[in-house]
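Engineer: sequence and predicted structure, then a few things I'm wondering about:
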Amino acid sequence: MTYPPLPPTVLEPIIRLALTEDFGVYGDVTANLLVPETAKAELYFKSRDTGVLAGLQAAAQVFAMIDPAVTLTPHIEDGAHLEKGTLIATLSGPVRSLLMGERTALNFMGRLSGIATLTAQYTAKTSETKARIAATRKTTPGLRALEKRAVLAGGGASHRGSLSDAIMIKDNHIALAGGIEAALKTIKDGADHMCRVSVEVDRLAQLEKALPFAPDVVLLDNMSLEQLRRAVEIADTFDGHRPVLEASGGVNLSTVADIAQTGVDIISVGALTHSAVNFDIGLDADK
């Protein structure tokens, strides 16, 4: 699936901060001394590993903000499978501008392609089930919009983008509210009609208390496989609204397939964004 580009109001401040960080006070003093101002060249972004591409829009925005004379021509789209040596995009224009943006563009593409690649590994493990893999809010501060988009490129789902996207009643909320029933009643009485409600439970007894309040989502936190299977059974046989069931906690590439087999609808994985390994992409002078 192809997603529309991020709005400039979201993307530009992120790129501007990254460029400001890399340029320092004087910009690229090396390129300014070694490269004639009129020199032009063509360079090529190429994959140095196998995985899934993400971050092309960020890379293009890097060069657009440095120099309008630079052209980035993509040969594939975000979400495309990469083999070692795959030609990703061609970059052409003034050499000084190409060199100034090289590292920032590669940092974005490497980070985001790493997230997309890890997400694709998780989704491959659950492809024979109905379970969807979702990211969490465990993102790099300031990069959430880009990292969430990278999860989508890898075949995953976004989950909440921010605290204001949906109501999510977690364990601390429940404790401070005086119990799960009190928390849900207060939320149901005061919530906007457009706001979906999710509640976290870590025991089956909590699930049974939550169901009569018709939450949209129940997050099953750190439950065993047997508890997850039983939770699905309880929700499926409940005489009322059946919420989306989300499994969370203890999820990794070794456990995710078994968790998906329990019948849950969503598996949220913080590792997609907090533990992805940088994907190796190079900018080379030869195709």
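Structural biologist: Here it is on my side, so go on. Numbering: from 1, shown residues only.
Engineer: OK, contacts around Ile15?
Structural biologist: With contact set as C-beta atoms under 8 Å, 6 or more residues apart in numbering, Ile15 has these partners: Ala58, Gln61, Val62, Met65, Thr104. Just so you know, the C-beta spots here come from the backbone N, C-alpha and C atoms, and that holds for glycine as well.
Engineer: oh, that last question was meant for Arg196, not what I typed.
Structural biologist: Ala166, Ile167, Asp216, Val217.
Engineer: ok, and the most crowded of those?
Structural biologist: Most neighbours among the contacts of Arg196, by other C-beta atoms under 10 Å: Ile167, with 22 neighbours.
Engineer: if you average pLDDT over stretch 206-220, what comes out?
Structural biologist: Averaging pLDDT along stretch 206-220 yields 98.
Engineer: distance between the ends of that stretch?
Structural biologist: 10 Å (C-alpha to C-alpha, to the nearest Å).
Engineer: can you pull the buried residues of it?
Structural biologist: Buried residues in stretch 206-220, counted by 16 or more other C-beta atoms under 10 Å: Gln206, Leu207, Lys209, Ala210, Leu211, Phe213, Pro215, Val217, Val218, Leu219, Leu220.
Engineer: the last one reaches Arg229, doesn't it?
Structural biologist: It stands for Leu220. No - assessed by C-beta atoms under 8 Å, Leu220 is found out of contact with Arg229, at 10.6 Å.
Engineer: end to end, how far does stretch 185-199 reach?
Structural biologist: Note: stretch 185-199 ends 12 Å apart using C-alpha to C-alpha.
Engineer: equivalent analysis for stretch 19-30, please.
Structural biologist: Taking C-alpha to C-alpha, stretch 19-30 runs 16 Å from one end to the other.
Engineer: now what about it, what contacts it?
Structural biologist: Stretch 19-30 is contacted from outside by Val62, Met65, Ile66, Arg96, Leu99, Met100, Gly101, Arg103, Thr104, using C-beta under 8 Å, 6+ apart.
Engineer: now do the contacts for the third one.
Structural biologist: Residues in contact with Ile66, defined by C-beta under 8 Å, 6+ apart, are Leu19, Ser97, Met100, Gly101.
Engineer: hmm, back to that, nearest to Thr129, of the buried residues of stretch 206-220?
Structural biologist: Of all the buried residues of stretch 206-220, Thr129 sits closest to Leu220, with 15.5 Å by C-beta to C-beta.
Engineer: host element of that closest one?
Structural biologist: strand 217-221 (DSSP states H and E).
Engineer: got the CA positions of the very next helix or strand once past that strand in CSV?
Structural biologist: Per DSSP H and E, the first helix or strand lying C-terminal to strand 217-221 is helix 225-237. C-alpha atoms of helix 225-237 as CSV (Å, rounded to 0.1, in the frame of the first residue of the first chain):
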residue,chain,number,x,y,z
LEU,A,225,-0.1,-18.1,25.9
GLU,A,226,-2.7,-20.0,27.9
GLN,A,227,-4.1,-16.7,29.4
LEU,A,228,-4.2,-15.1,25.9
ARG,A,229,-6.2,-18.1,24.5
ARG,A,230,-8.6,-17.9,27.5
ALA,A,231,-9.0,-14.2,27.1
VAL,A,232,-10.0,-14.7,23.4
GLU,A,233,-12.5,-17.3,24.5
ILE,A,234,-14.0,-15.0,27.2
ALA,A,235,-14.3,-12.1,24.7
ASP,A,236,-15.7,-14.3,22.0
THR,A,237,-18.4,-15.8,24.2
